[in-house]
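Undergrad: have a look; sequence and predicted model below, questions after that.
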Amino acid sequence: MSFSNRFWFSLLACAFLLTGLLGRDVWHGPEAYVFGPIYHFYNHHTWLVPFNATLPFLEKPPLYYWTGVIFAHAFEQYLPLYDAARLATLFYMVITIVFMWKAAELLFSSLNEPRRKTLPWITVALALGSMMLVKDAHLMEPDVPLLTGASIFLYGASVWLMQPQSHLRSGFWMGAGTGVAFLAKGLFLPVLFAFSVLIMWGLRRDLQTRHTSYSFAMALLVALPFLVIWPMLLYLEFPAYFHEWFWENNVGRFLGFSVERLGNANKPFLVLIAAPRVTFPLVPLAALALWYYRREWRQPWFLLPAVISAIGLAVLTLSATARPYYLLPLTPAFAMLAALGLYCLSEKTLSVLSWITRIAAGLYLSIIWLEWWNLKQPVAIRPLPALVHALSAWIPANYVPYNSPWMPLLALAVTVFWLVALRLSTRAALDAALFWFASAAAIWIVRMALLMPWLNIAFSDYAPIAQAFETAKAHGSEADCIGYDEYLYNEVTSPVLEYIAATRFPGQRIGGKDCKFILIASSPDLHIKRFRPYETIWRNDSSWYYGGDIFWLLQKR
């Protein structure tokens, strides 16, 4: 891979990771209930028990919350608090890419040219361009450091397999990866890692040496502070919270006895069915590699990602709780196998798939540009109403926002870059992987650069709540509180509600239903009839675009 290709690939990766990360609200779903504990730690200067608004939130350990608070304090003078906290995602993604590349470089070092030099780049390109990571690499969520822990562990395991004499280095990185994964989301990955190394140790006699014993001892020594300090302090200070985190949210979610209360029940083979779609193109290419190289199963470059992938899929399939996005930490292992799978394809097959990618990406980019141009026109005279209607489930068509002139320039530059990338060969595995990533990155960047104002309204609970507060203020709420319906005060909406009330409207008071104004979230009008002494003075319909709620502001008659 030439220096110019490495430079442009790295530049595109930087633009891809930054675009869509900043300059937007807290989006509905995971971001809201992750921002809640960050905001709590930021305000109360505590670090032990995560709180989401006024309630303890012990679904996950606090590593991401701690990191978010550090970035919030570091950049609060330059960015909104949620944007500053979201820089934690960028921090972890950079570490993930570095260790994923280092693991692939070491693991594939025994192969002949040109695969030895190209497979690390293919691995990273396919991982970053996968359907799941394209979005999750920009979200405020604990699964991102979970992915980081998996990449670090894979690097340590690669050292263990390829350089067994470097037992201290392999043990250090395996332990560090295990510890980071544990403090990110709990027991899932540490258990997966333990089973995986024991299986590889049993399958290969050359690993059954004192060097392996030293590696395991070092890994345990490094991981121990991560595994013990926070849980022990939580248990000593708040035994009930420790029980909620460990027994209910870890053991109970896997065995099933807490699923009815906590939700996210698994369905038969849900993960196996969803994996090819949500990780595309990783799992289909990985499956091809598993079949093609099945007789090479003892080779480290095959054994490590295959065992991690197989055990991970098995654990998620057996778990009583599962969602497709739980596959995210398996992305590095999937990507390594997928890189091998790409080399299994003939030049003719690669060429056909490359052309399909080019045509599909070109159409997608064209639609984004057309939709942006169309939405910029006055609502009454938009020349492509059919396009607006077709995309109305994703884009609020009645919203005409202010748009920075710099973002269209960024979208134009990336589009030109994509057109230049069409010169890449359609018959080379490396070029196919780079073009796949270039297409995925271009679609994401152009979509975010051009349509962010509309997407932000569709995804966000922040904007309608802020607008409701402005409306109440205009109706003279300075001397009164703004109440909320109990349905509104949940793990997703309540941290946004409190943040807006405390920062943008510090003089306002959030209270009960005896307030002059009440803000509620509801889909049917029937829900409003419970508040008979009140009348509707404002409503917002945009949140339904992504399955959210309609927000209503009621005023006492």
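TA: Received it, and whenever you're ready, just let me know what you need. Numbering: from 1, shown residues only.

Undergrad: all strands of the stretch 51-200 of the chain, in order?
TA: 51-52, 55-56 (DSSP state E, counting those that start in this stretch).

Undergrad: now the strands for the stretch 401-550 of the chain?
TA: 481-484, 509-511, 517-522, 534-540, 550-556.

Undergrad: which non-adjacent residue is nearest the spatially most central residue of the chain?
TA: Central residue of the chain (C-alpha atoms, centre = their mean): residue 136, 2.4 Å from the mean position. Among residues not flanking residue 136 along the chain, residue 328 sits closest, at 5.8 Å (C-beta to C-beta, 6 or more residues apart in numbering). Placement of C-beta: from N, CA and C, glycine included.

Undergrad: could you check how far the one you found is from residue 216?
TA: Applying C-beta to C-beta, to the nearest Å, the value for residue 328 to residue 216 is 27 Å.

Undergrad: state the distance from the closest residue to residue 534 other than its chain neighbours to residue 532.
TA: Using C-beta to C-beta, 6+ apart and skipping the chain neighbours, the partner closest in space to residue 534 is residue 554 (3.7 Å). Distance, residue 554 to residue 532, by C-beta to C-beta: 10 Å.

Undergrad: with neighbour numbers in mind, choose between these two.
TA: Counted by other C-beta atoms under 10 Å, residue 554 and residue 532 do not tie: residue 554 has more neighbours, with 25 against 8.

Undergrad: quick check: the gap between the more buried one and residue 211.
TA: In terms of C-beta to C-beta, residue 554 sits 70 Å off from residue 211.

Undergrad: now swap in residue 395 and tell me
TA: 57 Å.

Undergrad: can you report phi and psi for residue 60?
TA: Here is the backbone geometry of residue 60 (degrees, to the nearest 10): phi -140, psi 150.

Undergrad: domain assignment for the chain?
TA: 3-342, 347-459, 462-556 (automatic domain parsing).

Undergrad: mean pLDDT for those - can I get that in a markdown table?
TA: Converted to a markdown table, the domains of the chain look like this (pLDDT from 0 to 100):
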| stretch | mean pLDDT |
| --- | --- |
| domain 3-342 | 93 |
| domain 347-459 | 86 |
| domain 462-556 | 73 |
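
Undergrad: most packed of the ones you listed?
TA: domain 3-342 (a mean of 20; mean count of other C-beta atoms under 10 Å).

Undergrad: isn't residue 313 up against residue 330?
TA: Yes: judged on C-beta atoms under 8 Å, residue 313 makes contact with residue 330 at a distance of 7.4 Å.

Undergrad: just to revisit the earlier point, need the contact list for the residue nearest to residue 534.
TA: Neighbour list for residue 554: 517-520, 528, 531, 534-537 [criterion: C-beta atoms under 8 Å, 6 or more residues apart in numbering].

Undergrad: what about the helices in the stretch 151-300 of the chain?
TA: 167-185, 188-203, 210-237, 239-243, 252-255, 259-262, 270-278, 282-292, 300-318 (DSSP state H, counting those that start in this stretch).

Undergrad: adding distance to residue 423, write the ones you listed out as TSV.
TA: Shown next, in TSV, are the helices of the stretch 151-300 of the chain (distance: least, C-beta to C-beta, whole Å):
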stretch	distance to residue 423
helix 167-185	38
helix 188-203	40
helix 210-237	45
helix 239-243	57
helix 252-255	49
helix 259-262	51
helix 270-278	30
helix 282-292	24
helix 300-318	31
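
Undergrad: tell me how far the host helix or strand of residue 6 lies from the chain's centre.
TA: Assigned by DSSP states H and E, residue 6 belongs to helix 3-18. With C-alpha atoms, centre = their mean, to the nearest Å as the basis, helix 3-18 stands 20 Å off its chain's centre.

Undergrad: ditto for stretch 19-37
TA: Centroid separation for stretch 19-37 versus its chain: 11 Å, with C-alpha atoms, centre = their mean.

Undergrad: send the alpha carbons of it over as PDB?
TA: The C-alpha trace of stretch 19-37 is given here as PDB (Å, rounded to 0.1, in the frame of the first residue of the first chain):
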ATOM      1  CA  THR A  19     -18.500  14.100  11.200                       C
ATOM      2  CA  GLY A  20     -21.800  13.500  13.000                       C
ATOM      3  CA  LEU A  21     -20.000  13.300  16.300                       C
ATOM      4  CA  LEU A  22     -20.300  17.000  17.200                       C
ATOM      5  CA  GLY A  23     -22.800  19.800  16.500                       C
ATOM      6  CA  ARG A  24     -25.900  17.900  17.300                       C
ATOM      7  CA  ASP A  25     -28.200  17.200  20.300                       C
ATOM      8  CA  VAL A  26     -28.500  14.200  22.500                       C
ATOM      9  CA  TRP A  27     -30.300  11.700  20.400                       C
ATOM     10  CA  HIS A  28     -33.200   9.600  21.500                       C
ATOM     11  CA  GLY A  29     -32.300   6.200  22.900                       C
ATOM     12  CA  PRO A  30     -29.000   5.100  24.300                       C
ATOM     13  CA  GLU A  31     -27.400   8.600  24.100                       C
ATOM     14  CA  ALA A  32     -30.000  10.100  26.500                       C
ATOM     15  CA  TYR A  33     -29.600   7.500  29.300                       C
ATOM     16  CA  VAL A  34     -25.800   7.500  28.900                       C
ATOM     17  CA  PHE A  35     -25.700  11.300  29.200                       C
ATOM     18  CA  GLY A  36     -27.800  11.100  32.400                       C
ATOM     19  CA  PRO A  37     -25.000   9.500  34.500                       C
END
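
Undergrad: returning to that earlier point: would you turn the strands of the stretch 51-200 of the chain into CSV with distance to residue 439?
TA: Below are the strands of the stretch 51-200 of the chain laid out as CSV (distance: least, C-beta to C-beta, whole Å):
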stretch, distance to residue 439
strand 51-52, 38
strand 55-56, 43
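
Undergrad: of the helices of the stretch 151-300 of the chain, which is nearest residue 140?
TA: Residue 140 lies closest, by C-beta to C-beta, to one member of the helices of the stretch 151-300 of the chain: helix 167-185, at 13.1 Å.

Undergrad: C-alpha coordinates for that closest one, CSV please?
TA: Presented in CSV, the C-alpha positions along helix 167-185 are these (Å, rounded to 0.1, in the frame of the first residue of the first chain):
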residue,chain,number,x,y,z
HIS,A,167,4.8,-13.4,27.9
LEU,A,168,4.8,-10.2,29.9
ARG,A,169,3.7,-8.1,26.9
SER,A,170,1.0,-10.5,25.9
GLY,A,171,-0.3,-10.8,29.4
PHE,A,172,-0.3,-7.1,30.0
TRP,A,173,-2.4,-6.3,26.9
MET,A,174,-4.8,-9.3,27.4
GLY,A,175,-5.3,-8.1,31.0
ALA,A,176,-5.8,-4.5,30.0
GLY,A,177,-8.3,-5.4,27.3
THR,A,178,-10.2,-7.6,29.7
GLY,A,179,-10.3,-4.9,32.4
VAL,A,180,-11.4,-2.2,30.0
ALA,A,181,-14.2,-4.5,28.7
PHE,A,182,-15.3,-5.3,32.2
LEU,A,183,-15.5,-1.7,33.3
ALA,A,184,-17.3,-0.8,30.1
LYS,A,185,-20.2,-3.3,30.3
